[in-house]
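Peer 1: structure for this input, please:
(chains A and B)
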There are 2 protein chains.
Amino acid sequence: MKYASRIECLADKSLLNAFEIPETEDMISFSAGFPSSETYPLDAIKDSFIKVIEESGKEALSYGSTSGYARLREIIGSRLAEKFGLQYSLDEIIITSGSQQGLDMSGMLFVNKGDVVLFENPSYLGAVNSLRAHEAKLIAIDIDDEGICIDSLRNALEKYGERVKMIYVNPDFQNPTGRSWSHNRRLEFMETMSHYDIPILEDAAYAELSFEKKVEKPLAFYDKHDQVIYLGTFSKTFCPGLRVAWLCAPKHIMEKYLLLKNAADLSSSAIAQRQMAYYLDHYSLDNHIEWITGIYKKRKDIMAKIIDKKFPKTVCYKNPGGGLFIWLELPAEKDGRELLKRSLKRKVSFIPGTSFYPAGDRHNEIRLNFSNMKPEKIIEGMNILAEITSEYLEE
Amino acid sequence: MKYASRIECLADKSLLNAFEIPETEDMISFSAGFPSSETYPLDAIKDSFIKVIEESGKEALSYGSTSGYARLREIIGSRLAEKFGLQYSLDEIIITSGSQQGLDMSGMLFVNKGDVVLFENPSYLGAVNSLRAHEAKLIAIDIDDEGICIDSLRNALEKYGERVKMIYVNPDFQNPTGRSWSHNRRLEFMETMSHYDIPILEDAAYAELSFEKKVEKPLAFYDKHDQVIYLGTFSKTFCPGLRVAWLCAPKHIMEKYLLLKNAADLSSSAIAQRQMAYYLDHYSLDNHIEWITGIYKKRKDIMAKIIDKKFPKTVCYKNPGGGLFIWLELPAEKDGRELLKRSLKRKVSFIPGTSFYPAGDRHNEIRLNFSNMKPEKIIEGMNILAEITSEYLEE
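Peer 2: Just a heads-up that it's a prediction; the model follows:
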């Protein structure tokens, strides 16, 4: 039996494995980028579901519209306006089955086999995977503490010219590095990109998980040329199990997305969308987010403190201002995969940084998730990791 | 901004329109292929949801595994064994977000741009659309009252040879024609295909909606060469709003599907899957199906009786033994789209047959759904349609 050529591009199973292998009870996991399941507002979710079934059960259990439940799109539009100054009309917002589907559809929409897609280096594995499935040529752009490097970006744009069909970026508390782009870097980036007719896929999955009051405006806010496709999700701020996310795009682009969404799965779950809308109408997601970011900040602080105190001084990291991850850099000759092998024996897991480089070009980093384990587990796991890391670095 | 070339292949908006334009209250709709929403077991669904939240809320609202909730796959496996004699192990079953996603992933898995995919003519619009999105060359194979025409199939296989990468079929109460393949035709088809190393995508969406006790075995039952990919769904037998369907494939093929599913949306809704599993464990889906097929049969009978009595004798149809559709054939020179124009003015809708021909080669048929309207509405709508059809045919 012959497979399509795209299948050969999907060799990296790191992400799939993260979803397929159930973490054992006794494992301390800093691996997955999941919100903490103790924070899910179970009673509110139960109440929302019951109300939706009672008030509109028949509609909620039927096929929904391909673009998504109108009331939910309306609320998302208002939140984006209020929080980030984004102005999207109802027909510029579509509901997707998780942001992953928005990524996948963007590959479908813009990328032919062999087309160049630019990426931050390192970048989110799921985006890399979905673009591999569309046989994109992935070109990595360096990042520094301020965000994407404009020189590296300009070089790539010049070198690949019209072959560049999309750029994927994650400017807020990036997965995997936890870094956020500075205000100036955002402006510089948008100015640079304004000279090219290339769509910018802005993944804002972590934008609302800030530990500080002040948040940077999204790239979409500075978009004067209808270039930005904006992806948001409730998976990190609320819960991933409902699979409710959104994609915003200028209307003429949205028409194409609708065709692709219809071909991909007809529509997202109507009941999950109505449930989410009911919750947003009757509860405060903002209060919930304030509460969970408080919890995550405390966990991050515990983790950071142990790194500062007990890890070898040659291990570097930047204290993140939000999100779910700390990115640790070992000395250049060391390998995160070797460290993982050893720490798994002690029942501590994380993801080696190599997995986040489309071209696999660096090995000496690791990604630590801090949202998902309770404080006592973080302390236990990080102490073990400090020990193992010290041993490994002394060799 | 430049789109990928596949977008140009997605010009047909018939299916999208069916999902986007809300039917007005006063419209009598024979259009959509939906189950009747009055049949949804709302109390049982509510109960299932509450129990899932109470018993395993945290897991249910987290990301699920990419392959799907194990207990649900187990139950699906047992049902397939019991009802159809199919033997699939747990790792040969994957949960998809509706069967549409299974279709889309199959296109991703087997079809490169320009590859030939064989189809029944006419065929399900959603399958046609998703394969258009993968830039397949669609080759239509004739069907008759017994199923796919083996001569027409052989001709295509000979003509296109190794360019043929998949065949899509819908052997039970087909959408749109309502026809089921005979036992002999199934055997003949599988024998013919056994000489070719080509995957057979068997869409069994309507297989359980039989009006008679006896059901034909699926093609997968006769599969000796690991050729059949089998798609099933709860959308027609239970409700579409949960978006829970399944895809079965031999293990070595399933590994590839898992990679694609992971890239497409990471995982299907964990809570919807657990809800469905709870329902299946604590209620009887078989009783539910028996009840709804009884309702649908009555509605079909009402519709058929009016066609027999009041439609011009030049209008032909075959009384379906199950499913959701009656397929009406007008005289060859007439056009279903013209009939629709007129009937919409009288607030009656259906789908013109043209939409179901990948190459648009016939115009004189229409598809009537009988599941979705109550008897009094069917009588009212069919009487109007009889009147309009008579007028139109007399011109």
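
Peer 1: residues near the closest residue to residue A:234 other than its chain neighbours, how many?
Peer 2: Once flanking residues are discounted, residue A:234 sits nearest to residue A:244: 5.1 Å by C-beta to C-beta, 6 or more residues apart in numbering or on different chains. In short, each C-beta sits where N, CA and C put it, glycine included. Neighbourhood size, residue A:244 [other C-beta atoms under 10 Å in any protein chain shown]: 28.

Peer 1: does residue A:244 touch residue A:94 like I think?
Peer 2: No: if you go by C-beta atoms under 8 Å, residue A:244 and residue A:94 don't touch, sitting 11.7 Å apart.

Peer 1: quick check: residues of the stretch 101-250 of chain A near chain B?
Peer 2: Residues of the stretch 101-250 of chain A lying close to chain B (C-beta under 8 Å from any C-beta of the partner chain) are A:101, A:104, A:108-113, A:115, A:126, A:129-130, A:132-134, A:165, A:197-199, A:226-227, A:235, A:239-243.

Peer 1: let's see 6 Å
Peer 2: Applying C-beta under 6 Å from any C-beta of the partner chain, we find that the stretch 101-250 of chain A lies next to chain B at A:101, A:104, A:110-112, A:129-130, A:133, A:197, A:199, A:239-241, A:243.

Peer 1: now do the contacts for residue A:5.
Peer 2: Listed by C-beta atoms under 6 Å, 6 or more residues apart in numbering or on different chains, the contact partners of residue A:5 are residue B:112.

Peer 1: quick check, pLDDT for it.
Peer 2: Listed pLDDT for residue A:5 reads 89.

Peer 1: the residue of the stretch 101-250 of chain A found nearest chain B: neighbour count?
Peer 2: Closest approach between the stretch 101-250 of chain A and chain B, counting by C-beta to the nearest C-beta: residue A:241, at 3.6 Å. Counted with other C-beta under 10 Å, the neighbours of residue A:241 add up to 26.

Peer 1: next: the one 5 residues further on.
Peer 2: Neighbour count for residue A:246, taken as other C-beta under 10 Å: 24.

Peer 1: got a list of contacts for the helix or strand that contains it?
Peer 2: According to DSSP states H and E, residue A:246 maps onto strand A:245-248. Here strand A:245-248 makes contact (C-beta under 6 Å, 6+ apart) with A:76, A:88, A:92-96, A:98-99, A:102, A:230-233.

Peer 1: and the longest strand along chain A, what does it pack against?
Peer 2: Counting residues, the longest strand found in chain A (DSSP state E) is strand A:137-144. If contacts are counted by 3 or more C-beta pairs under 6 Å, 6 or more residues apart in numbering or on different chains; DSSP states H and E, strand A:137-144 sits against strand A:116-121, helix A:150-160.

Peer 1: counting by contacts, list what the shortest one packs against.
Peer 2: In this structure, strand A:116-121 makes packing contacts with strand A:137-144, strand A:164-169, judged by 3+ C-beta pairs under 6 Å, 6+ apart.

Peer 1: ditto for the last one
Peer 2: Other helices and strands packing on helix A:150-160, by 3+ C-beta pairs under 6 Å, 6+ apart, are strand A:137-144.

Peer 1: would you mind listing the buried residues in the strand it packs on?
Peer 2: Residues of strand A:137-144 classed as buried: A:137, A:138, A:139, A:140, A:141, A:143 (neighbour count, 16 or more other C-beta atoms under 10 Å in any protein chain shown).

Peer 1: list the strands paired with it, with their directions.
Peer 2: strand A:116-121 (parallel), strand A:147-148 (antiparallel) (DSSP bridges).

Peer 1: gap between it and the chain center?
Peer 2: Centroid separation for strand A:137-144 versus its chain: 17 Å, with C-alpha atoms, centre = their mean, to the nearest Å.

Peer 1: alpha carbons only: can I get that strand in CSV?
Peer 2: Only the C-alpha atoms of strand A:137-144 are listed here, as CSV (Å, rounded to 0.1, in the frame of the first residue of the first chain):
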residue,chain,number,x,y,z
LYS,A,137,10.4,23.5,4.1
LEU,A,138,10.9,24.8,7.7
ILE,A,139,13.4,27.6,8.1
ALA,A,140,14.4,28.5,11.6
ILE,A,141,14.8,32.1,12.7
ASP,A,142,16.9,32.9,15.8
ILE,A,143,15.3,34.4,18.8
ASP,A,144,16.9,36.3,21.7
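
Peer 1: by how many degrees do it and strand A:164-169 diverge?
Peer 2: 40 degrees (axes from the mean of the first three to the mean of the last three C-alpha atoms, to 10 degrees).

Peer 1: deepest of the helices and strands packed on strand A:137-144, which one?
Peer 2: When these are scored by mean count of other C-beta atoms under 10 Å in any protein chain shown, the highest mean neighbour count falls to strand A:116-121 (a mean of 26).

Peer 1: model confidence over the strand or helix carrying residue A:293, on average?
Peer 2: Counting by DSSP H and E, the element that carries residue A:293 is helix A:285-310. The pLDDT scores in helix A:285-310 average 97.
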